[in-house]
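>>> no FASTA, just this:
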Ligand code: NAD
């Protein structure tokens, strides 16, 4: 029996997680999934109840579970708090505590949604790209950091740092994923300017020797951004640092039309994973029954595939989502003319119906 920690978080988090739980309940009832759910707090709602965005109980529960399913964190009302108390710090803290260094962000364009992309259909149709982002190192965590006064004026500092072991492990992650796909890894860096990227490139070359069946190429991040909007289908797996991955994966997400469709996984070396939609807590639409729950439902599929070894059931969820899209049902964010627009709850119910 696998034990899953469920953390709805803030904003639309609760609504979308409710739909994902319907899917899990259905799989539990009809496919002997045997998933035990444990519920916890994170983010702003955790701060409101406990005074911390990452309560000790949540961390303890995470360490006792096999995976985490997360909604999203954040909201305007918590933006005035001191930085360490803000919702996003809860999420960063959980990623760091569980050493979730490998962030997988697939960007898949569902053929039914090709019209929702901002790019021409022929450029994006059939897009199936995986961005592998280093998640617990680099400039987001490097020291020294801060804002100080120097030479009589304010001075901001962050440090882009990587040990070779940190680069190697994300490299292995990317190559192993590529082995299950089209066997091509493109490593994104800025080695022409940054020494830390020079090391990144060297280590990627070294790691690639363990994977003779996978082709490795390198690209500078500025060109990668350009190529992503020019010819995104040229890529299979892109591997990159925390900062570059943050930016490029949002760019890749938009190629697919809506961030409401895209799941993500963050894994540690034991394949313990946290699974969450790539979007945030969308406070502008929270509580209105209009949020798209499909990214969260597809995050359950990723959890089954990458942490729980239940590839068949993962496929079942993905087929069910496709069926609902084929039937023409859409939440507002992915709707085109002529589609039937439905709410968050109904979308969850339709996926469950398609699963049966
Ligand atoms: P956001 O992703 O929450 O929203 C961006 C836009 O996309 C909004 O217009 C929103 O309505 C829409 N959107 C997002 N998810 C949607 C869905 N499922 N269905 C339909 N539309 C959807 O990003 P933001 O507005 O920049 O941030 C809002 C809050 O979320 C902030 O507090 C931010 O810090 C936080 N955030 C959290 C995470 C996370 O929990 N992983 C990620 C990004 C942002």
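Sure thing, it's come through. Bear in mind the structure is a predicted one, so any value in this text is a computation, not a measurement.
>>> Check the protein and tell me which residue is nearest its centre.
Nearest to the mean C-alpha position of the chain, by Cα atoms, centre = their mean, lies residue 264 at 2.8 Å.
>>> Report whether stretch 113-132 contacts the ligand.
No. Legend: contact between stretch 113-132 and the ligand by Cβ under 6 Å from any ligand atom is lacking; minimum distance shown is 11.7 Å. For glycine as for every other residue, the C-beta is placed from the backbone atoms N, C-alpha and C.
>>> what distance separates the start and the end of that stretch?
Start-to-end span of stretch 113-132 (Cα to Cα, to the nearest Å) is 24 Å.
>>> List the buried residues for the helix or strand encompassing residue 325?
When elements are assigned from DSSP states H and E, residue 325 belongs to helix 311-326. Neighbour-count burial for helix 311-326 flags 313, 314, 316, 317, 318, 320, 321, 324, 325 (criterion: 16 or more other Cβ atoms under 10 Å).
>>> rewinding a little: what sits against the residue nearest to the centre of the chain?
Neighbour list for residue 264: 103, 104, 105, 106, 275, 276, 277, 278, 299, 302 [criterion: Cβ atoms under 8 Å, 6 or more residues apart in numbering].
>>> 7 Å instead, please
Taking Cβ atoms under 7 Å, 6 or more residues apart in numbering as the criterion, residue 264 is in contact with 103, 104, 105, 276, 278, 299.
>>> and it, bridged to which residues?
Counting by DSSP bridges, residue 264 is bridged to residue 276.
>>> Just after the helix holding residue 325, pick out the following helix or strand.
Going down the chain from helix 311-326, the next helix or strand is strand 329-330, by DSSP H and E.
>>> so what strands line up beside that next one?
Note on strand 329-330: by DSSP bridges, its sheet partners are strand 340-341 (parallel).
>>> does residue 37 sit in a helix or strand, and which one?
Using DSSP H and E, residue 37 sits within strand 35-39.
>>> Could you list every helix and strand in contact with that strand?
Secondary-structure packing of strand 35-39 (3 or more Cβ pairs under 7 Å, 6 or more residues apart in numbering; DSSP states H and E): strand 2-9.
>>> that older thread, relative to strand 2-9, how tilted is the strand holding residue 37?
30 degrees (axes from the mean of the first three to the mean of the last three Cα atoms, to 10 degrees).
>>> Touching strand 35-39 from outside, list them.
Identification of contacts with strand 35-39 by Cβ under 7 Å, 6+ apart yields 1, 2, 3, 4, 5, 6, 24, 28, 61, 65.
>>> and if you look at stretch 12-27?
The set of residues external to stretch 12-27 that reach it, using Cβ under 7 Å, 6+ apart, is 6, 8, 33, 35, 69, 71-72, 277, 281-282, 285-286, 291, 293, 296-297, 299-300, 313, 317, 344, 347-348, 351-352, 355-356.
>>> Settle this for me: residue 111 is touching residue 127, isn't it.
No. In this structure residue 111 lies outside contact range of residue 127 using Cβ atoms under 7 Å: 10.0 Å.
>>> These two: which has the busier surroundings?
Using other Cβ atoms under 10 Å, the more surrounded residue of residue 111 and residue 127 is residue 127, with 21 against 12.
>>> Now that one. Nearest residue, chain neighbours left out?
Once flanking residues are discounted, residue 127 sits nearest to residue 109: 4.1 Å by Cβ to Cβ, 6 or more residues apart in numbering.
>>> and the helix holding residue 325, what other elements does it pack with?
Contact partners of helix 311-326 among helices and strands, from 3+ Cβ pairs under 7 Å, 6+ apart: helix 13-31, helix 294-306, helix 344-355.
>>> mind redoing it with 6 Å?
Contact partners of helix 311-326 among helices and strands, from 3 or more Cβ pairs under 6 Å, 6 or more residues apart in numbering; DSSP states H and E: helix 294-306, helix 344-355.
>>> where's that helix relative to the chain centroid, distance-wise?
Put simply, helix 311-326 sits 19 Å off its chain's centre (Cα atoms, centre = their mean, to the nearest Å).
>>> Outside of it itself, list whatever touches it.
The contact list for helix 311-326 (Cβ atoms under 6 Å, 6 or more residues apart in numbering) reads 27, 110, 112, 294, 301, 304, 305, 350, 351, 354, 355.
>>> Is any residue of it near the ligand?
No. With Cβ under 6 Å from any ligand atom as the measure, helix 311-326 is seen stopping short of the ligand, the closest distance being 13.6 Å.
>>> neighbours of residue 68, just the number please.
For residue 68, the count of nearby residues is 26 (other Cβ under 10 Å).
>>> Neighbouring strands of whichever helix or strand it is part of in the sheet, and parallel or not?
Element membership for residue 68, per DSSP H and E: strand 67-72. Here strand 67-72 is paired, per DSSP bridges, with strand 2-9 (parallel), strand 273-277 (parallel).
>>> Make a markdown table from these and add distance to residue 45 to it.
Conversion of the strands paired with strand 67-72 to a markdown table gives the following (distance: least, Cβ to Cβ, whole Å):
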| stretch | distance to residue 45 |
| --- | --- |
| strand 2-9 | 7 |
| strand 273-277 | 15 |
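>>> Deepest in the core, which of those strands is it.
Of all the strands paired with strand 67-72, strand 273-277 has the most neighbours on average by mean count of other Cβ atoms under 10 Å, namely a mean of 27.
>>> Check the offset of that one from the chain's centre.
That offset, for strand 273-277, works out to 6 Å (Cα atoms, centre = their mean).
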